[in-house]
Structure formats: C-alpha cells, structure tokens
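**Q** Dropping the sequence and predicted coords here.
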Amino acid sequence: MTGRGQVRFEDIVKMHGEFSALKGVTFDIEPGEFFALLGPSGSGKSTTLRILAGLDAPTSGRVYMDGRDITATDARDRDIAMVFQSYALYPHMTVYENIAFPLEMAKLPAVEIDLAVKEAARKVKIEHLLDRKPGQLSGGQQQRCALARAIVRKARLFLLDEPLSNLDAKLRMETRAELKKLQRSLGVTAVYVTHDQEEAMTLADRMAVFMAGEIRQVGRPAEIFAKPNSIDVAAFIGSPPMNLLPARFADGDVIIAGHRLKTAMQAAGEHDVVVGIRPGALRIAPDGLEARVELIEDLGDTKVLDLDCAGTAMRIRVGDESVPPEGAVISVTARPHDIHLFDPATRKRL
Amino acid sequence: MRAKRFRFIATMIITLIFLLAWVFPIVWSVLNSLKTDQDVLAYPPKLIFHPTLEPYRDVLFGSGSILPNLISSFIISIGTTVITMLMAVPAAYALARLRFRGKKFAGFYVLATQMLPPVGIIIPYFLVLRNIGWIDTYQGIILIYLSFSLPFAIWLLVSYFEDIPFEMEEAAYLDGASRMRTLWRIIIPQVRGGIAVTIVFVFLNAWNEFLFAVVLSGNTVRPVTVAMFNFVSVEQTLWAKLAAVSVLAMLPVVILGIIAQKNIVKGLTVGAVKGGGRR
C-alpha cells in the first residue's frame, strides 16, 4: 500500500461569508506518513480535514491526491476513510453491520465482506462484540468500532478528526499507542486533527501548526519543539508552555530585568527582543535571574515552580533534587543555546 | 408524611374524575350498542339487560348497511396516509438538512397552514373541486385532506430528522453511500418511531374527519363519519344503531393505537433516550 495517499494542498482558501476560515494553506503529505494538523479550536484544522475529505469545497485553491487534482471530485469517489470525533456509528446496525457498510456500498461479494470485517475487528480487538449495537458498547469500544469501519476498506487515505477526545485520560494514552502501531502495520497515510499538542507530538511523523486560518509551521514534532519559528508557535507547543519574557538584546547577550544572559546569537547592536526559555531548560544556579517562588505544582516525577521575576511570571521544571520552598528567592539561568530569540514586532524567530 | 399521603389521594381523585369523564361516552356507546331500542330509551336506564347483537347485524348487513361507508373511510384514510408519507418524508428531510433559499419561508408556510380555521376555506375548496369535477370523488377528498395532513406530517417529521447528527450522513457518504441510499439505510431506520407516530396521527385525522367530508362528499363517496348521521333524523334517533356504528368506527382507531403505542411513547420521549450509539 505504500506509494499511495500522497496529498498536496495548494493555496487553499475557505470563506464562510466574510469570515476567512482558511487564508491560503499549502502543504504536502508523503505516502505512509502520519501527519497531524495541530491548532487551537477555530484555527482551521478541521476545515482543512473536511476539504481533504470532500465534505466541504474550498473557495479557491487545489487539492491533489497521488498527483491527481481531486478538488472537484465527489467525497464518495475519493477513496478516503474517516473517523469522526463523535464516531458517527449507525445506532440501528450491529457492530458487524457498521463495519461491513462501506464494503457493502462498494458491492463486494458477501464472502469477501465477511472475511474483511472479521479481519478489521481482530485488528482493533473487538471481534467478540460483532453482534452488539453501538449503544451497548463503552466509549472505547465505540471508538474501536469506528476505527474498524475506517480501516476495513483499505482506503487510500485515513482521516482522523480528534478521535481520542471523547476517551478518558488513561484510555486515551493506551489508544494513542495502539493507533500509531496500527497505522504503521497498515502502512497507510493518516491525517490526524487534534488540539492536543502532546497527542500530535507523540503520534505524528510530521505536523502542521494551524493558527487563525494559516499554517504557521510544518515539520517534525521534535524540530518544531526545538525551533519554533514564531512567538505564537512557541507559546502553543510544550507543556507547560515556553516562558516568554520581554528583554533587550545587546551584542550577543540579553538583558532581562537587569540581568545579562549569554545567547548563541553572535551579533552586534542593541534592540528589543522577546526571549523564550522552556521551563525544562531553566536551571537553578547562582548568579542568575532573581525570582521568587510563588507556587509549587507537584507532578510526581517532576515539579513545576511558578516564579515571579521582577513582575514577570515564569515557570521552571525541576527534578526531585533540592526544591526550594514557596516564598524563597532563587536564582535561575539558562544555557545560551536554550535561549530562543524573537522579534517583538514581527513575532518571528530571530 | 401526612401531606404526602394527602397529595397522593388528591392526585388519585382528580385522575379518577378525568378518567370517568373520558371513559363515560365510550362505555355509554358500547352499552347502548348492545341494547334494543326499547332498552335504550328506558328510564331509569337499565343497568341489567339482555345484551343483543341486533344493532350490529342491522348496521352491517341490514338495508342501510354501513359496510360501503367503512370501506370508503378506509380508502380515504389509507390513500391520504400513503400519499402524505411518500411526500412528507423526503420533504421533511430536505427541510431539516438542505440549505436552500426560502427555507425559512417554507417552514413558516408549512406551519401557517395549520393555523387557518377550516370553516374559512371550506367554500373555496368546494368551488375548486366543483370546477375540476372532483366533488364526491376519492381523489377530491384525498386532495383536500392532503392539504392539511401534509404540512402537519412535515412539521412533525422535521424535528425527528433534525435530531440525527450531520456526521452520520457524512460518514455514510464517505463510506460510499449515495444520498438516497443514506436516507433509506441510515436516516429512515433511525426515525422509525417518528414515522410511526406520524402515520397514526395522519390516519386518525383522516378517519375522524367530518366537516369537509360532509360538504365535499356525496353519494358515491361517503365516509362512515358522515353515514352515521343517517341514524339521526327529524322524527327519531336510532340510538342503538348509532352506538353500534360508533363502536365499529372506533375499532380501527383503537387497534392502531394499541399497535403503535410503543412507538408513540418512544416518539414522544425523543431526545431523552434516542441514539445511544452516538456518544
């Protein structure tokens, strides 16, 4: 199945009346890739998925699949399977009938359908539930049934619209891992919409960060995490999010609240910047920024400290080693290459 | 404790009063339909009497048999119901789902027709039917009944269709089903309850209709509601026969009610329990 499911979005615009839901979105998805569309709600990621599925038509721009222009192709003829957020299982049919439905529509012989349904059910471990109706299943089982219905017909492309958001935290983690394994074993191209950056980070081979109807950054999750290209992406990726502090850049150093920190950027001159430091990259060390511990959040293996650094809020993640008590004044610093610099005017990475 | 018991007793009494008021005419009809004419008029009313099936035999197989009228009623009611449902289901689906110009107006129009007092339009209807030569014909009566039952059925069905999430259809669409097939295989099975309720209401409205039937029908087509009045004349009222016809006319209603009971109750509690598979 490899070599199928290559997607190209070319300058897609979607208007809802005066409101532009997508403002010219362009990206490529390689065959066999697990591609995540990540963004806050209302950022256009679901609209992108719906346009890809053929459920909505773009106002302008083209969509290509495997080199063919499918912009005007009917959703039914695109050979795309989708798992909906609500699962959209047919409540009056049994699990078996639900999974068999797409094959029945494709007019496959009954024997083949039977084999395929059982195979799909086995892959998602619901073969013992085939006689039940969706209403008799737990949330996790319904989710698996929806997955089975999507994988049963071996479509070119596999779309998932926040498929884990209705599951509880523990089940979500389990299903996440299984989903990744399933996608790898099937070798299909998967496009995954989520607002949960942790989900996108763990699942995706590559991801696109959506904001306000635009793609802000495309790349491997680690890449985006390490080098966010704007203040907005930096603030969105990572939990807890990156500390963003107004500062002054002066000949390779930044001055934050009167304290100098070395950066990796070797440039002369002086101007305003926004400094980004991940909570995990900050460390407690002498001769750094002075900050007061406001609150300690214990996460078990690590602790997150809310700091007040001369009126600016900051967060630091520390291990189990010497944690200062609340109210203590500490000194924090960061290594030069852990310091991200952004232009406050353009909000872009420097 | 005492207040609770009092409330229970009060509720029971009020319920009982309503029940008696509702059940009295039916019991009265059933009892009188089993009496001779002398027994019917006896005063004080006889509680113990020799039941007879004479009135039934008379109205069914006597000279003025109402059998043809019962058949007329069936043709009209079933015809109205079938045509209404064939048109109302796709129309309601369209109103619930599709976005088209004038949808709001269409919805309002459908509802507005329900607000007209029927007496106000009986003369125009009569003139229309007379001009096209459909007075005293099945197609004439059914056409007029459709003008009421169709908007009513559409209005009732729309809410059932609206209850089904959009995603259900989109899923079916991506699974390769056409719009018609989605309607038949995915949507209609989920609104079965609503369809059953609508069928019952449309059938009953047509079956019980009197005002239009009496004006627009005649000798060829004469539903049982109109024919019943043969037993009421200036000189006398044939109470036993009238009661027998009433009971006969009530039977299909009661039978339909019992058959559809489960669906009606389900239909009225829509939203509370429906669609367990959704989330």
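**A** The structure has been received and is ready for your questions.
**Q** Could you pull up phi and psi at residue 104?
**A** No chain specified, so I'll use chain A. Backbone torsions of A:Glu104, given as degrees, to the nearest 10, read phi -60, psi -40.
**Q** Run through the helices of the stretch 51-200 of chain A in chain order.
**A** A:95-105, A:110-123, A:139-151, A:169-186, A:197-203 (DSSP state H, counting those that start in this stretch).
**Q** And those helices: which comes nearest A:Asp131?
**A** helix A:95-105 (6.8 Å; Cβ to Cβ). (Glycine included, C-beta is placed from N, CA and C.)
**Q** What lies in contact with the closest one?
**A** With contacts defined as Cβ atoms under 8 Å, 6 or more residues apart in numbering or on different chains, helix A:95-105 is touched by A:81, A:89-90, A:93, A:112-114, A:116-117, A:120-121, A:126, A:129-134, A:137, A:145, A:148-149, A:152-153, B:172, B:175-177, B:181, B:185.
**Q** Report the inter-axis angle for that helix versus helix A:110-123.
**A** Computed by axes from the mean of the first three to the mean of the last three Cα atoms, to 10 degrees, the angle separating helix A:95-105 from helix A:110-123 equals 130 degrees.
**Q** Now helix A:95-105: average pLDDT?
**A** Per-residue pLDDT over helix A:95-105 has a mean of 95.
**Q** same deal with stretch B:224-231?
**A** Rounded mean pLDDT across stretch B:224-231 is 87.
**Q** Quick check: end-to-end length of it?
**A** One end of stretch B:224-231 sits 12 Å from the other (Cα to Cα, to the nearest Å).
**Q** Poorly predicted segments of chain B, please.
**A** B:1, B:264-279 (pLDDT under 70).
**Q** need the strands for it, in chain order.
**A** Using DSSP state E, no strands are found in chain B.
**Q** circling back to that earlier point, possible to save the helices of the stretch 51-200 of chain A as JSON lines with mean neighbour count?
**A** Conversion of those to JSON lines gives the following (neighbours: other Cβ atoms under 10 Å in any protein chain shown):
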{"stretch": "helix A:95-105", "mean neighbour count": "23"}
{"stretch": "helix A:110-123", "mean neighbour count": "16"}
{"stretch": "helix A:139-151", "mean neighbour count": "23"}
{"stretch": "helix A:169-186", "mean neighbour count": "15"}
{"stretch": "helix A:197-203", "mean neighbour count": "20"}
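**Q** how about CSV for those, with distance to B:Met168 added?
**A** Shown next, in CSV, are the helices of the stretch 51-200 of chain A (distance: least, Cβ to Cβ, whole Å):
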stretch, distance to B:Met168
helix A:95-105, 11
helix A:110-123, 20
helix A:139-151, 12
helix A:169-186, 22
helix A:197-203, 25
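**Q** Indicate which one of these is closest to B:Ile135.
**A** helix A:95-105 (49.8 Å).
**Q** got the angle for that closest one vs helix A:139-151?
**A** 20 degrees.
**Q** Flag every residue of chain A that's near chain B.
**A** Neighbours of chain B within chain A, by Cβ under 8 Å from any Cβ of the partner chain: A:53-55, A:75-76, A:80-82, A:84-92, A:101-102, A:105-106, A:133-137, A:139, A:142, A:149, A:166.
**Q** Restricted to buried residues, select the residues you listed in PyMOL.
**A** Selection of buried members from these for PyMOL, criterion 16 or more other Cβ atoms under 10 Å in any protein chain shown:
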select buried, chain A and resi 53+54+55+75+76+80+81+82+84+85+86+87+88+89+90+91+92+101+102+105+133+134+137+142+149+166
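**Q** among the residues of chain A next to chain B, which are in strands?
**A** Counting by DSSP E, the residues of chain A next to chain B contribute A:Ile80, A:Ala81, A:Met82 to strands.
**Q** so what strands line up beside the helix or strand of chain A with the lowest mean pLDDT?
**A** None of the helices or strands of chain A scores lower by mean pLDDT, DSSP states H and E than strand A:259-262, at a mean of 86. Here strand A:259-262 is paired, per DSSP bridges, with strand A:253-256 (antiparallel).
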